[in-house]
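Everything below, folded, please.
(one chain, ligands or ions: 2)
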Amino acid sequence: MNPTNIPPDGARASLLDRTLDQAQPSEQDYLEVLDLTVDFDGFKAVDGVKLTVTPGDLRFLIGPNGAGKTTIIDALTGLVPAKGTAQFAGRDLLGLPPHRIVRLGVGRTFQTASVIEGLTTLQNLDVAAGLHRSAWSRFRRRRDVPEEVTEVLETIGLADLADVPAGILAHGQKQWLEIGMLLVQRAQVLLLDEPVAGMSAAEREQTGQLLMRIGRKRVVVVVEHDMEFLRSFADSVTVLHQGKVLAEGGVAEVQANPAVIEVYLGAPAPAAAEQAGTTSAAKATPAARVAKPASAALPTQAKPAGREG
Ligand SMILES: Nc1ncnc2c1ncn2[C@@H]1O[C@H](COP(=O)(O)OP(=O)(O)O)[C@@H](O)[C@H]1O
Ligand SMILES: [Mg+2]
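Ligands and ions are numbered 1, 2, ... in the order given. Okay, here's the model as predicted:
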């Protein structure tokens, strides 16, 4: 357990292990967002959003470009000021500076990977893990890799690439490293902004598996457009449009929602589209179009009508 001559570390390590165990959220440790509003000089990029996500419910957040998805993540991580309330495990997030939000267990990734390219995979994880280490142990010369970092390397599938510079990792691998950095920071809420954009089919599949694994005990919100990916991995979906929640529910339910179909495919709105009860006429044509191209990515922007497919 302690092969090196660093006596105090045994106690420290077991304390760390216990802390890690305790870091697993309980059922009550959910994310609750109420009436979230972000106003950019009078333009409401996020407008009264309500969002509740519990651990184990892999939530996808979709919506056309400009719907406010990234702004929600920015608001929850302290990067833009917001009104309303946002709590994780009963603790308020809004109004806190970003580093304090991270310490409450809320982490995010960016659309473009933000790993430090000149450091190795392991060093990137180590820097991220340093957040939970005392200044003393962080600055002390370290001789071995903490167990939690080794575990995370395995989880994200980069154990064999631990010692290569992050700059030479493939696009997908950089995203996995970013997710790994959140894991070593013991994030219990992971807000992932388009993590599979630009990935190959194989990388998407691996990412989906990774998200399912880490989402079992954590709150995971994934911003994504690809319908096949969503169908394969989402437990639930929230659809955002013009800063507001347009629909929420299971994948099939949301996919059959006429308002969602209209936003995504530019289909003419049936008069009754906004009513909860949909007529078969309102559903038939556009729903069939959504259901059919299983591999089609939903447009990242509401495409001009007639350009779909
Ligand atoms: N800092 C900002 N200042 C002004 N408007 C912004 C700012 N950030 C985003 N927006 C606007 O807010 C809207 C939502 O943007 P965003 O959250 O990035 O959408 P999404 O991620 O869903 O594509 C867009 O209209 C965007 O132009
Ligand atoms: Mg975005």
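
Can you tell me which residues in the stretch 201-309 of the chain are near ligand 2?
Contact residues (CB under 5 Å from the ion) of the stretch 201-309 of the chain with ligand 2: there are none. Glycine gets a C-beta too; all of them are placed from N, C-alpha and C.

Name the SS class of Lys217, please.
coil (DSSP: H, G, I helix; E, B strand; the rest coil).

how close does it get to Val145?
23 Å (CB to CB, to the nearest Å).

The closest residue to Ile73 other than its chain neighbours and Val106, how far apart?
Nearest non-adjacent residue to Ile73, counting by CB to CB, 6 or more residues apart in numbering: Leu191, 4.6 Å away. Leu191 sits 7 Å away from Val106, going by CB to CB.

Can you check which residues contact both of the two?
Shared contacts of Leu191 and Val106 (CB atoms under 8 Å, 6 or more residues apart in numbering): 76-77.

Near the closest residue to ligand 2 within the stretch 1-150 of the chain, how many other residues are there?
With CB to the ion, the shortest gap between the stretch 1-150 of the chain and ligand 2 falls at Thr70, namely 3.2 Å. The local packing of Thr70 (other CB atoms under 10 Å) involves 22 other residues.

try Leu169
Counted with other CB under 10 Å, the neighbours of Leu169 add up to 21.

Kindly report the same for Ser236.
There are 16 residues near Ser236, going by other CB under 10 Å.

Is it correct that it is in contact with Glu248?
Yes - Ser236 lies in contact with Glu248 (CB atoms under 8 Å); the separation is 7.2 Å.

Spell out which parts of the stretch 1-150 of the chain neighbour ligand 1.
By CB under 6 Å from any ligand atom, the residues of the stretch 1-150 of the chain that approach ligand 1 are 40, 45, 63, 65-71.

Any chance you could list what contacts stretch 167-174?
Contact with stretch 167-174 is made by 113, 115, 117-118, 121, 158, 161, 166, 177, 196, 198-200, 203, 206-207, as judged by CB under 8 Å, 6+ apart.
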